[in-house]
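J.: need a 3D model of the following:
(4 chains)
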Number of protein chains: 2
Amino acid sequence: MVISARVHYACVAMLELAIQNDEGSPVAIREITDRHGIPGPFLVQILRSLRALGWVQSIRGSQGGYRLSVDPATITLLDIAEAIGSQEAGCRTEATCTPMAVMLQTQWDDAAEASRRVLGQATLSGLVERAQHGDASMFYI
Amino acid sequence: MVISARVHYACVAMLELAIQNDEGSPVAIREITDRHGIPGPFLVQILRSLRALGWVQSIRGSQGGYRLSVDPATITLLDIAEAIGSQEAGCRTEATCTPMAVMLQTQWDDAAEASRRVLGQATLSGLVERAQHGDASMFYI
DNA sequence: AGATACTTGACTAAAGAGATCACATATATA
DNA sequence: TATATATGTGATCTCTTTAGTCAAGTATCT
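T.: Residues are numbered from 1 along each chain as shown, chains lettered A, B, ... in the order given. So this is what the prediction gives:
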């Protein structure tokens, strides 16, 4: 469960869209990059992946931007991390797959599973709600 | 908590030393690399780190090798992973540290903490014992 | 002396992460 | 219809990390 900048940015973008989901107009990339200091072209790349997943839709042209196309209650940080992040390999091919290696691999898997359980609990809507209740000025809307 | 090949090999080596800890003679690198298919010079590099940590001692010359210099009950997979693996950075410097970023970071930290708890439970002696009870032929000694 | 085994430091190849750029296309508004 | 505003797409690029290699040296046992 590696949290790269790519994954982090993807989550920021999804949260930003989730917050502004009720308002009619789509959210421009510029709005997100300005607010969070994310390199523009990089975020474009990430939003492309999110669109391919069917999680956001894009509206081109003037007044265009992005909008969530899924219910924010159904998407967790785990979903985003696993979809955007790099896929991990199974048992190492180079080294011999000894019983000891298998035992260790079980430990690595258990540890990863523990992480996944935490992130699988965190839905977008849950985070948005928590942020807005905890600190109304948090997202300076 | 990234488990690189380096960390995995370090754990294999420590476990191998823990198993043969009771016997008088030290364990040669060749013995470990042959058994587990680990590239020799790479394992040398790793054992050097382990020695710098004070966890193993080396005996040079003919009949030389490596030996644990700590109680295998006091070392966990977490200790090895954190000592050998790369050190992770804190809050990302590039992007703006917005409240949203902080909230996300908390989630990443919680997830990492969950992993750490799992690996922190796994002591070398515990793993050796488990392996030997579970399957006597596991380490074909 | 010679075989065995660790010591040390430098070095290289490959992969992935994190961007960046140029050019194309779509749409609202004046 | 012209123009400003936005996204779409593909290629490219640099930097860091990871994994692995090599050569020459030193210590110890038999």
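J.: so which bits of chain A are right by DNA strand C?
T.: A:2, A:4-6, A:39-42, A:44-45, A:59-64, A:85-86 (Cβ under 7 Å from any atom of the strand). In short, each C-beta sits where N, CA and C put it, glycine included.
J.: out of those residues, who's near chain B?
T.: Counting by Cβ under 8 Å from any Cβ of the partner chain, A:2, A:5 from the residues of chain A next to DNA strand C sit close to chain B.
J.: are any of the residues of chain A next to DNA strand C buried, and if so which?
T.: A:Arg6 (16 or more other Cβ atoms under 10 Å in any protein chain shown).
J.: could I get the contacting residues of the residue of chain A found nearest DNA strand C?
T.: Nearest residue of chain A to DNA strand C (Cβ to the nearest atom of the strand) works out as A:Gly61 at 2.0 Å. For A:Gly61, no contacting residues are found, by Cβ atoms under 8 Å, 6 or more residues apart in numbering or on different chains.
J.: let's verify it: helix, strand, or coil?
T.: Classification of A:Gly61 using DSSP: H, G, I helix; E, B strand; the rest coil returns coil.
J.: elements contacting the helix or strand bottoming out on mean pLDDT in chain A?
T.: Across the helices and strands of chain A, mean confidence by mean pLDDT, DSSP states H and E is lowest for helix A:124-134: a mean of 87. Packed against helix A:124-134 by the contact rule (3 or more Cβ pairs under 8 Å, 6 or more residues apart in numbering or on different chains; DSSP states H and E) you find helix A:5-19, helix B:99-121.
J.: helix A:124-134 and the first one, what's the angle between them?
T.: Going back to what we said before, that points to helix A:5-19. Taking axes from the mean of the first three to the mean of the last three Cα atoms, to 10 degrees, one finds that helix A:5-19 is oriented at 70 degrees with respect to helix A:124-134.
J.: could you check how far whichever residue of chain A sits closest to DNA strand D is from B:Ala122?
T.: At 3.1 Å from DNA strand D, A:Ser58 is the closest residue in chain A, using Cβ to the nearest atom of the strand. Using Cβ to Cβ, to the nearest Å, we find A:Ser58 at a distance of 46 Å from B:Ala122.
J.: and the two? Which one has more around it.
T.: Per other Cβ atoms under 10 Å in any protein chain shown, whichever of A:Ser58 and B:Ala122 has more neighbours is B:Ala122, with 22 against 15.
J.: so who does the more buried one touch?
T.: So B:Ala122 contacts A:107, B:76-78 (Cβ under 8 Å, 6+ apart).
J.: if you rank these by neighbours, which is first?
T.: Comparing the contacts of B:Ala122 by number of neighbours (other Cβ under 10 Å), B:Leu77 comes first, having 28 neighbours.
J.: ramachandran angles for it?
T.: Backbone torsions of B:Leu77, given as degrees, to the nearest 10, read phi -60, psi -30.
J.: I figured it hits B:Arg117, correct?
T.: No: applying Cβ atoms under 8 Å as the test, B:Leu77 and B:Arg117 come out as separate, 11.7 Å apart.
J.: and the residue of chain A closest to DNA strand D, that's in a helix?
T.: No: A:Ser58: not assigned to a helix; according to three-state DSSP it is strand.
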